[in-house]
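>>> Okay, structure incoming, though there's no sequence with it:
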DNA sequence: TTATATGCAAATTGTTTGCCTAGGC
DNA sequence: GCCTAGGCAAACAATTTGCATATAA
């Protein structure tokens, strides 16, 4: 996997966003930096970059894939009012993580988990 | 929402399945009972029946929606080997549920959560 | 007998692929 | 110079819609 200028720019732009864009949303953003980029490259590169660990592909409710430049351990909340996907790392999450760790100890076949919260985001409360 | 013969049959058939089928998988199953059913009705009815609370639409990894006739509280595990979606309700899950309950107490905006586990299913271990 | 549901085909949406050219090492 | 990446358009897969007919209350 070659980190071309285009791919580097994609990583940079995605890291600036807090919105967890879909591929087509990100296409509109990156087009402002790289006007000649094609939607096919956006899909291809979001895929290879996530496989290479530079960005995160988010398994989310709703049909479209979403992407995240923030690699730190955090969760997401889907706002039940406005529908946006918001970073969510509240106090109390550590005990949930501990529960999962215990689950893994009891169930050796268990590898990972994916959680999405739902509720009102800060702006909609 | 009228519970037509067709919709009743769909609920019955889905409840018999443990496989959490996609819409097209379920279409193949229900066709054996209602040969003239159309794929459009399958999509439409899976949607209205889930909204009416008769069945469950599962937010799952992968691109396709999956459906579940089992309304009892339970979770799912995506097998990392065979890819199937398996019911998962192990010992230890109660402490995870307690953690989420605590989270909700601390974060009043929080409504619900959706978790999908990944790991090897019973057949693949 | 009026409203809702269904079948069929066509339209839409999100994503992937083939192929040829361009750029990176 | 060789191999991987990128642009473009066409293909594909999953789902939705419009419309005419059929079924339910």
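Right, received. Where do you want to start? Keep in mind the model is a prediction, meaning the values are calculated, not measured.
>>> Is the residue in chain A that DNA strand C sits nearest to within a helix or a strand, and which one?
Here chain A gets closest to DNA strand C at one residue, residue A:40, 3.2 Å apart by C-beta to the nearest atom of the strand. Just so you know, the C-beta spots here come from the backbone N, C-alpha and C atoms, and that holds for glycine as well. Taking DSSP states H and E as the definition, residue A:40 sits inside helix A:39-51.
>>> does that helix come close to DNA strand D?
Yes: applying C-beta under 7 Å from any atom of the strand, one finds that helix A:39-51 is in contact with DNA strand D at A:39, A:40, A:41, A:44, A:45, A:48.
>>> Who are the contact partners of the fifth one?
Residues in contact with residue A:45 (C-beta atoms under 8 Å, 6 or more residues apart in numbering or on different chains) are A:6, A:7, A:10.
>>> Name the SS class of the residue lying closest to the first one once chain neighbours are set aside, please.
Distance criterion C-beta to C-beta, 6 or more residues apart in numbering or on different chains; nearest residue to residue A:6, sequence neighbours excluded, is residue A:34 at 6.0 Å. For residue A:34, the assignment made with DSSP: H, G, I helix; E, B strand; the rest coil gives coil.
>>> Tell me if residue A:77 really is in a helix.
No: per three-state DSSP, residue A:77 lies outside any helix segment and is strand.
>>> The residue nearest to it when sequence neighbours are not counted: how many residues sit nearby?
In this structure, residue A:77 finds its nearest non-sequential neighbour in residue A:88, 3.9 Å apart by C-beta to C-beta, 6+ apart. Around residue A:88 there are 20 other residues, counting by other C-beta atoms under 10 Å in any protein chain shown.
>>> Cool, thanks, signing off.
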